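Student: Sequence and predicted structure, then a few things I'm wondering about:
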Amino acid sequence: MKKLSDIASALGLSETTVSRVLSGKGRISPATRERVLTFIQTSGYKPNMIAKGLAQQRTFNLCALIPRDAATLHLPFFQYCLVGISEEASRRDYDVIVALVSREDHSQVRRILAAEKADASCFCAPCKTIPPFRC
């Protein structure tokens, strides 16, 4: 099952009904809701994130900003940051875009934000008062 219309057709329901079940909006009987959700679980349906993003006006992308001039000593710090950000983003059906920034050049970040390619951004930087991270 690739499309919402496939689910609706297989269950003999309207696309609107299936859409309401998936979005959790609108009045749907508990029996119909359970029927749709059970079918989705057994069929392996995965929502189209582009369509979902258009409907919800979201990109389902987060932008992790990493300093371009980071010292080699700090690379493990950024690795741990990216792993943590990626794990949390994944739990919420988000993907992570990594952008390098420098004090002189913010063009990549400006382009991402201007094009609305991400819903949020997170700047990762080690604190200057803490000694460099070492494994």
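Tutor: Here it is on my side, so go on.

Student: In this structure, where is pLDDT below threshold?
Tutor: Filtered on pLDDT under 70, the chain yields the residue ranges 1, 127-135.

Student: Point out the other helices and strands that the longest helix belonging to it packs with.
Tutor: Counting by DSSP state H, the longest helix found in the chain is helix 75-91. Judged by 3 or more C-beta pairs under 8 Å, 6 or more residues apart in numbering; DSSP states H and E, helix 75-91 is in contact with strand 61-67, strand 95-101. (C-beta placed from N, C-alpha, C; glycine too.)

Student: distance between the ends of stretch 117-126?
Tutor: Length of stretch 117-126, first residue to last, C-alpha to C-alpha, to the nearest Å: 26 Å.

Student: picking up where we left off before, so can I have TSV of the helices and strands packed on helix 75-91 showing distance to residue 16?
Tutor: Shown next, in TSV, are the helices and strands packed on helix 75-91 (distance: least, C-beta to C-beta, whole Å):
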stretch	distance to residue 16
strand 61-67	28
strand 95-101	29
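
Student: Let me know which of those strands is tucked in deepest.
Tutor: Per residue and on average, the most neighbours among those fall to strand 61-67, with a mean of 19 (mean count of other C-beta atoms under 10 Å).

Student: and it, what does it pack onto?
Tutor: Under the contact definition 3+ C-beta pairs under 8 Å, 6+ apart, strand 61-67 sits against helix 75-91, strand 95-101, helix 107-114, strand 120-123.

Student: Make TSV out of those and add distance to residue 65.
Tutor: Shown next, in TSV, are the helices and strands packed on strand 61-67 (distance: least, C-beta to C-beta, whole Å):
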stretch	distance to residue 65
helix 75-91	10
strand 95-101	5
helix 107-114	6
strand 120-123	4
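
Student: Need the winner for burial among those.
Tutor: Most buried of those by mean neighbour count (mean count of other C-beta under 10 Å) is strand 95-101; its value is a mean of 16.

Student: ok, now which ones touch the residue nearest the centre of the chain?
Tutor: In the chain, the residue lying closest to the centroid (C-alpha atoms, centre = their mean) is residue 94, at 1.1 Å. By C-beta atoms under 8 Å, 6 or more residues apart in numbering, the contact list for residue 94 reads 60-62, 119.
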